[in-house]
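Peer 1: The following block contains a protein sequence and its predicted model.
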Amino acid sequence: MAAMMQPQIILLKEGTDTSQGKAQLVSNINACTAVADVVRSTLGPRGMDKLIHDDKGTVTISNDGATIMKLLDIVHPAAKILVDIAKSQDSEVGDGTTTVVLLAAEFLREAKPFIEDGVHPQNLIRSFRNASYKAIQKVKELAKSIEGQSLEEKKRLLSKCAATTLSSKLIGGEKEFFASMVVDAVGAIGDGDRLNMIGIKKVPGGTMRDSFLVNGVAFKKTFSYAGFEQQPKKFLNPKILLLNIELELKSEKENAEIRLSDPSQYQSIVDAEWNIIYDKLDKCVQSGAKVVLSRLAIGDLATQYFADRDIFCAGRVAEEDLLRVAAATGGTVQTSVNNVVDEVLGTCEHFEERQVGNERFNIFSGCPSGRTATIVLRGGADQFIEEAERSLHDAIMIVRRATKNSTVVAGGGAIDMEISKYLRQESRAIAGKSQFFINSYAKALEVIPRQLCDNAGFDATDVLNKLRQKHALPTGEGAPYGVDINTGGIADSFANFVWEPAVVKINAINAATEAACLILSVDETVKNPKRSGIRERRAR
Amino acid sequence: MALAFDEFGRPFILLRQQEEKSRLRGLDAQKANVSAGKAVARILRTSLGPKGMDKMLQSPDANDGATILEQMDVDNQIAKLMVELSRSQDYEIGDGTTGVVVMAGSLLEQAEKLLERGIHPIRIAEGYEMASRIAVEHLERIAQKFEFGLNDLEPLVQTCMTTLNSKMVNRCKRRLAEIAVKAVLAVADLERKDVNLDLIKVEGKVGGRLEDTELIYGITVDKDMSHPQMPKRIENAKIAILTCPFEPPKPKTKHKVDIDTVEKFQTLRQQEQKYFDDMVQKCKDVGATLVICQWGFDDEANHLLMHRNLPAVRWVGGVELELIAIATGGRIVPRFQELTPEKLGKAGLVREKSFGTTQDRMLYIEHCANSRAVTIFIRGGNKMMIEETKRSIHDALCVARNLIRNNSIVYGGGAAEIACSIAVDAAADRYPGVEQYAIRAFADALDAIPMALAENSGLQPIETLSAVKNQQIRENNPNCGIDCNDVGTNDMREQNVFETLIGKQQQILLATQVVKMILKIDDVISPSEY
């Protein structure tokens, strides 16, 4: 009775929603699995796409885990962690974003019965960390290096990796075509972290087969003034002048004002202004350049002046394009036309304005430094090209990654099965609860081949059992066996060139384990209602 | 839309405004998407072929697939994809925009049946892709190179006529086709196989008959002489093309002239007059007999020009100015000081033409030094007619351009589709696995175009198609098609119905691509307002 009379102690503001303990943990796990269910079906070569239509009316069709997670606009605090790991996988390695979400959710799902049975989460966390460490060691051990091969051979191998990434995407039908394109593009920029040196230009129309790689720079014809069509549109070995100034007849200073007392002075002022611009133009011509590009406007006067002297010019070139031209042709962007020496002029073997679909493109090819590449993507619909661009981005990242740490593992779920087997074996040597947990971790890894089968409409249990048997062979010859997506059986993924860079797997296992551990370690959520109310009001 | 529930049955709030979003997934999503795509194709089906019907939309009417779809303002996302499909055919090829949508629609229809049988959508898509490859290769095999020279335009004209057949303007298709071919050849760079369609200007004016449509080796400008008393006809004109106004030059910097005495004002006035005088004199000196100016000039200058007998045109737009410069071989001159005799453009004849009883006048610049800029001038009874003619001419121009780029052709009237269908069907048996079904379905889908052609022409679709198919196999002749115009022969070679190879290949590839994209979607998440 006395206890009931005691006044209630109010710690938190009224209306605060707190939930804690085991129930909260389980509910978080459920939320994460629900999110993973959304992206589940996008995995693998038979993975499907999602069409997401946001309230602003933009439509995205995508197969990329990170893109879908981002567009889903998830607000659940625990589930948000999955979005973050997908993002981090995307920025770290560029591919495997679906894999990472699936793995994290599966780890949690495996952990759920233990939590319900009253196992302390920290126990689970420790074992999972342990298992992930072992798994990564194993991946490193199993990985095959492609180092030391000839350049030709290496290119071939890299394109296999790119093809594996692309096989799940919309452009999977032409994966060889795009894979070799991506490898060439990455090869062109060399090593160095200048990913922006690969330009991707999108031109609606045509089929994807019409896409092409320019070993240099290509950009859409800029806005042009009268007189432009009279300029020559094709040069061999031209000198290229890159500018960052306006070539237009205009007032030199913004707020200057001229006072004339004698009308006859009028002409001299006008002449002076004309002389300034003519002087600039003359210097451009004097430099010997045949192509003049500027980030700022090139006016009609300049256009006609250049046309008279058989020079090609383009104004308002986007900055990134201009920088790419500079890198490719070996020129330097000038902020003045004074003192233009030969060294700052770029050059390329071939310059041409060409029709691509409905647009005209300026194409610089055969550049001396060869440090840039441009992929011109074609496709039947805007969304199609958008998705193709995302897929190519993934492939580019993969190839770059594979070039840097040149080790690959067998895909198609083979590596996951092998790690799973290895962990099961290891776990038997452990006395104590941890054996259970590591075993369940191992089981969770099997989600990748299982999902591959499910998406392709195969009997997952059947295929998985075949795989387990192969991998359990004592000789170890079954290690590279994975799901054969064409027949519904199993096949040697390594021999079939279903390859992934080892770093993708390592990062995926790492990120997924960390996310799972983080969610497992949370046992209380406090939600302050007022604050979120303010935020919502602000959002409106 | 609720994604999940916790153990107490409360839904998780996973997504922002979760309740307001709707989600469609799995087979339902695919079926909904497929039927949306089919619905669009059904609308266009009736406008295929020479006996195809037109659509009237509030705003211009059209028979051109891309135009109809664009005007329909489609809301459904999948339907929008179909719109983009036909648009991209339009961009790339410029013709066959209806065919590509009908084709995609029938591919979807076939896919629906396969989905019901439980075949995995991606396997269907892959089968389609294989089949499209077979079809494209087969087209390559049955395609024929055809030769045309500058003197022998007949084959080109015939192909353009096939395109114009289905349009509203088909009553004078011969004339329009000839115009289109001549126009393209005039601007074509046959060595580089490049045709810049920007150099062909298509103009229209209400009035007259469609037959009065003409090709002008030169430029028309919708302007008249600046002074009504100026001569209306100038032979062997030398044209000064100016981008500076006939007025005293102004510095671009802000300026102010202080006039404090009467004398100063007088000098200013005199100087102004002198400017005008000098300008006109300068033009006269270099020998110009016509001045075309991008800007205006005030009455004083106008009067002076009139007085000195120098005809002038003012307010000519930048694009026209450029075309005039190209056509007449002149240079655009930015200020009077730079005017030299070499920079003048030359035209054999410049004349002003007025139309009917209206006050409308246009300026024709003809017999130019360089005929690489031409104008097609369309006449017609009403605005709708002219707009439709413009679109039809555009299609014909594109066809001619494609032929110059690649001179392979296939036979129209559904002949190519039937031939592909037979080839694909035969090839299907060689594929093991589920894809075989999809490949066969592709062959069926290819039949949709000849079927629609026959239906639109009032023939019995199934009987006609099977008869033609039979004939193709029996005679081993891939040129048999649907005899839409009731000429009496099925051989499209005799009927002279051609289509470009690249156009047809593009149709098949694009349709397959979009169908694959639609089939691959299994989850549609959208805000609920839709």
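Peer 2: All right, it came through fine.

Peer 1: roughly how far apart are the spatially most central residue of chain B and residue B:94?
Peer 2: The structure's chain B has its C-alpha centroid closest to residue B:394; by C-alpha atoms, centre = their mean the separation is 4.3 Å. Noted for residue B:394: a distance of 6 Å to residue B:94, by C-beta to C-beta, to the nearest Å. To be clear about C-beta, it is placed using only N, CA and C from the backbone, and glycine gets the same treatment.

Peer 1: of all the residues in the stretch 201-350 of chain B, which ones are close to chain A?
Peer 2: B:243, B:248-260, B:264, B:267-268, B:271, B:294, B:318-319, B:321-323, B:325-326, B:331-335 (C-beta under 8 Å from any C-beta of the partner chain).

Peer 1: any idea of the pLDDT on residue 3?
Peer 2: Answering for chain A, as no chain was given. Residue A:3 is assigned 53 on the pLDDT scale.

Peer 1: switch to chain B, that's the one I care about
Peer 2: We have a pLDDT of 55 for residue B:3.

Peer 1: same deal with the one 5 residues further on?
Peer 2: According to the predicted model, the pLDDT of residue B:8 comes to 61.

Peer 1: The one 5 residues further on now?
Peer 2: Listed pLDDT for residue B:13 reads 69.

Peer 1: How about the secondary structure of the residue nearest to the centre of chain B?
Peer 2: Of the three states, residue B:394 takes helix under DSSP: H, G, I helix; E, B strand; the rest coil.

Peer 1: what residues are up against it?
Peer 2: By C-beta atoms under 8 Å, 6 or more residues apart in numbering or on different chains, the contact list for residue B:394 reads B:94, B:202.

Peer 1: Repeat the analysis, applying 7 Å as the threshold.
Peer 2: Each residue near residue B:394 by C-beta atoms under 7 Å, 6 or more residues apart in numbering or on different chains is listed here: residue B:94.

Peer 1: quick one: it from chain A, how far?
Peer 2: 12 Å (C-beta to the nearest C-beta, to the nearest Å).

Peer 1: quick one: that residue and residue B:382, what's the gap?
Peer 2: Applying C-beta to C-beta, the value for residue B:394 to residue B:382 is 19 Å.

Peer 1: ok, now residue B:134?
Peer 2: From residue B:134 across to residue B:382, the span is 47 Å (C-beta to C-beta).

Peer 1: can you check residue B:109 too?
Peer 2: Computed with C-beta to C-beta, the distance linking residue B:109 and residue B:382 is 38 Å.

Peer 1: more crowded one of these two?
Peer 2: residue B:109 (19 against 10; other C-beta atoms under 10 Å in any protein chain shown).

Peer 1: Grab the nearest non-local neighbour of residue 413.
Peer 2: Picked chain A for this. Nearest residue to residue A:413, sequence neighbours excluded (C-beta to C-beta, 6 or more residues apart in numbering or on different chains): residue A:449, at 2.9 Å.

Peer 1: nope, chain B
Peer 2: For residue B:413, ignoring the flanking residues on the chain, the nearest one in space by C-beta to C-beta, 6+ apart is residue B:481 at 2.9 Å.

Peer 1: before we move on, back to that, which secondary structure elements does the one helix or strand the residue nearest to residue A:413 maps to sit against?
Peer 2: Assigned by DSSP states H and E, residue A:449 falls within helix A:447-456. On a contact count with 3 or more C-beta pairs under 7 Å, 6 or more residues apart in numbering or on different chains; DSSP states H and E, helix A:447-456 meets helix A:97-116, helix A:414-428, helix A:460-472, strand A:481-483.

Peer 1: Which one of those lies nearest to chain B?
Peer 2: In this view, the helices and strands packed on helix A:447-456 are compared for proximity to chain B by C-beta to the nearest C-beta, and helix A:97-116 is the closest at 10.2 Å.

Peer 1: Kindly export the helix or strand following that closest one (C-alpha atoms) in PDB.
Peer 2: Per DSSP H and E, the first helix or strand lying C-terminal to helix A:97-116 is helix A:121-142. What follows is helix A:121-142, C-alpha atoms only, in PDB (Å, rounded to 0.1, in the frame of the first residue of the first chain):
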ATOM      1  CA  PRO A 121      23.700 -10.000 -26.600                       C
ATOM      2  CA  GLN A 122      27.300  -9.300 -25.800                       C
ATOM      3  CA  ASN A 123      28.100 -13.000 -25.900                       C
ATOM      4  CA  LEU A 124      26.700 -13.100 -29.400                       C
ATOM      5  CA  ILE A 125      28.500 -10.000 -30.500                       C
ATOM      6  CA  ARG A 126      31.900 -11.400 -29.300                       C
ATOM      7  CA  SER A 127      31.400 -14.600 -31.200                       C
ATOM      8  CA  PHE A 128      30.200 -12.900 -34.400                       C
ATOM      9  CA  ARG A 129      33.200 -10.600 -34.300                       C
ATOM     10  CA  ASN A 130      35.400 -13.600 -33.900                       C
ATOM     11  CA  ALA A 131      33.700 -15.400 -36.700                       C
ATOM     12  CA  SER A 132      34.000 -12.500 -39.000                       C
ATOM     13  CA  TYR A 133      37.700 -12.200 -38.300                       C
ATOM     14  CA  LYS A 134      38.100 -15.900 -39.200                       C
ATOM     15  CA  ALA A 135      36.000 -15.600 -42.300                       C
ATOM     16  CA  ILE A 136      38.000 -12.700 -43.600                       C
ATOM     17  CA  GLN A 137      41.200 -14.600 -43.000                       C
ATOM     18  CA  LYS A 138      39.700 -17.400 -45.000                       C
ATOM     19  CA  VAL A 139      38.700 -15.200 -47.900                       C
ATOM     20  CA  LYS A 140      42.200 -13.800 -48.100                       C
ATOM     21  CA  GLU A 141      43.500 -17.300 -48.100                       C
ATOM     22  CA  LEU A 142      41.200 -18.500 -50.800                       C
END
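
Peer 1: which neighbours does the helix or strand following helix A:121-142 have in its sheet, and in what orientation?
Peer 2: Where DSSP H and E defines the elements, the next helix or strand beyond helix A:121-142 is strand A:144-145. Paired strands of strand A:144-145, with direction, are strand A:407-410 (antiparallel) (DSSP bridges).

Peer 1: Show me the contact partners of the partner strand.
Peer 2: A:139, A:142-146, A:161, A:402, A:415, A:480, A:482, A:493-494, A:498-502, A:505.

Peer 1: got it, and stretch A:416-427?
Peer 2: Contacts of stretch A:416-427 (C-beta under 7 Å, 6+ apart): A:131, A:134-135, A:138-139, A:142, A:435, A:438-439, A:441-442, A:445-446, A:448-449, A:467, A:471-472, A:479.

Peer 1: can you dump the C-alpha coordinates of it into PDB?
Peer 2: Only the C-alpha atoms of stretch A:416-427 are listed here, as PDB (Å, rounded to 0.1, in the frame of the first residue of the first chain):
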ATOM      1  CA  ASP A 416      30.100 -17.900 -49.100                       C
ATOM      2  CA  MET A 417      29.500 -21.600 -49.000                       C
ATOM      3  CA  GLU A 418      33.200 -22.300 -48.500                       C
ATOM      4  CA  ILE A 419      33.500 -19.800 -45.600                       C
ATOM      5  CA  SER A 420      30.400 -21.300 -44.100                       C
ATOM      6  CA  LYS A 421      31.900 -24.800 -44.200                       C
ATOM      7  CA  TYR A 422      35.100 -23.600 -42.800                       C
ATOM      8  CA  LEU A 423      33.400 -21.800 -39.900                       C
ATOM      9  CA  ARG A 424      31.400 -24.800 -39.100                       C
ATOM     10  CA  GLN A 425      34.500 -26.900 -38.900                       C
ATOM     11  CA  GLU A 426      36.200 -24.300 -36.800                       C
ATOM     12  CA  SER A 427      33.300 -24.000 -34.400                       C
END
